[in-house]
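1. got a structure for you, letters missing:
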Ligand SMILES: [Zn+2]
């Protein structure tokens, strides 16, 4: 968009001040945030968000999953809204930026449009999705998942935390169980600004990540069964050592990842050894595997290679091995029109940018199932996230918000031009 709205810029200082205001809600001593979903602190930040959006002239609606949508009307309110959003909940030792910047940049876009007296064709909405993190109630991205039809409402309500409190009861308790049916709202498009949570942008000195999709992920559980025996009296050649076999298998997982580098990643993050005693040959080992790749066909080939190599390792060491796939999340491909809008915006504004695939899951991955969607990434220091030390530069966040503003306005023009009549 070179014409109308071409010179609009967000107010970087106001955006940063909003981020710092919300960072005080659940602030930790180490400079992070602990603001688990549906706690009193989550209620406090929601109340803050609703108050600021109301001041900005928005109408507020809350759906039955607690997703909050703040709407700034457009010229034609029969058009589905163009939405901007992310999440305000954090990990137990979370940072100040993950999720938060996506919601607050949306608020800043609305404030900027207000200041300029700019009227969009479609309404613009800013959305705070409930329970993106999934650290209190698993799984993650629960409420955007319900919105997109991946989970049903009652499944979400029945999720419990470690103390046995349910999602439904806690949502009710904090006063954010709304009336609107979750997912009833149709979106014209959805944009999510997020920190990269990886090291690529910083390493390449780029400001903007144009996110083309989310890579596919598969999770597995492996149990290796050998024979527990005395560590002193069992000769080496008569052992069925489950841990030695598992070590070989973990090496195979790494090899499968390396064979498909640089796009593939393969991780063993959890290992349990039984009986885990220094003078007993391990009889059983349990471990998990996390495989990811942007191309589902490559992911399938990685899985086949993995099975073959693990079975071979089991044979070699004389142990039994059971490999189970427990989760399969296919890759997500974002909308070409939205991606182009982000790319154009970054180019016009003169920011160094590159296309990339998200390594992590986000609300946008689910929303992409029901609306044209994309994401904008900005760098975070050393790629560190889900950590109190998470750090992003004010200038980079402002750049991301400016790209967001411009992409949203361009999409508004494009969708309005396409509407018949
Ligand atoms: Zn996030």
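-> All right, it came through fine. Computed from a prediction, not measured in an experiment: that's the story for all the values here.
2. give me the below-cutoff pLDDT ranges for the stretch 301-421 of the chain.
-> Within the stretch 301-421 of the chain, the ranges that satisfy pLDDT under 70 run 419-421.
3. how about the residues of it by the ion?
-> Within the stretch 301-421 of the chain, not a single residue sits near the ion (Cβ under 5 Å from the ion). For the C-beta atoms, the positions are set from N, CA and C on the backbone; glycine is no exception.
4. show me the helices in the stretch 301-421 of the chain, by range?
-> 336-349, 363-367, 394-418 (DSSP state H, counting those that start in this stretch).
5. and the last one, what does it pack against?
-> Contact partners of helix 394-418 among helices and strands, from 3 or more Cβ pairs under 8 Å, 6 or more residues apart in numbering; DSSP states H and E: helix 12-23, strand 82-86, helix 100-116, strand 189-195, strand 208-214, helix 336-349, strand 373-378.
6. re earlier: deepest in the core, which of the helices of the stretch 301-421 of the chain is it.
-> Stretch with highest mean neighbour count among the helices of the stretch 301-421 of the chain: helix 363-367 (a mean of 28; mean count of other Cβ atoms under 10 Å).
7. quick one: contacts of that one?
-> Outside helix 363-367, the residues within contact range by Cβ atoms under 8 Å, 6 or more residues apart in numbering are 83, 85-87, 129, 132, 141, 144-145, 147-148, 150, 187, 190, 192, 211, 214, 332, 334, 358, 373-375.
8. just the buried residues from those, in ChimeraX please.
-> Remark: buried members of the contacts of helix 363-367, expressed as a ChimeraX selection using 16 or more other Cβ atoms under 10 Å:
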select :83,85,86,87,129,132,141,144,145,147,148,150,187,190,192,211,214,332,334,358,373,374,375
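9. where along the stretch 151-300 of the chain do the strands fall?
-> With strands called from DSSP state E, counting those that start in this stretch, the stretch 151-300 of the chain shows them at 189-195, 208-214, 216-225, 229-230, 265-267, 271-274, 280-281, 284-293.
10. quick one: the first one to strand 82-86, angle?
-> Here strand 189-195 runs at 30 degrees with respect to strand 82-86, directions being taken by axes from the mean of the first three to the mean of the last three Cα atoms, to 10 degrees.
11. with the third one instead?
-> For strand 216-225 against strand 82-86, the angle between stretch directions is 30 degrees (the same axes, to 10 degrees).
12. which other residues reach strand 216-225?
-> Counting by Cβ under 8 Å, 6+ apart, 242-243, 245-246, 249, 283-296, 299, 303, 306, 310, 314, 319-331, 361 sit against strand 216-225.
13. now the angle from it to strand 284-293?
-> Angle, strand 216-225 to strand 284-293, by the same axes, to 10 degrees: 160 degrees.
14. likewise for the second one?
-> Using the same axes, to 10 degrees, the interaxial angle of strand 208-214 with respect to strand 284-293 works out to 120 degrees.
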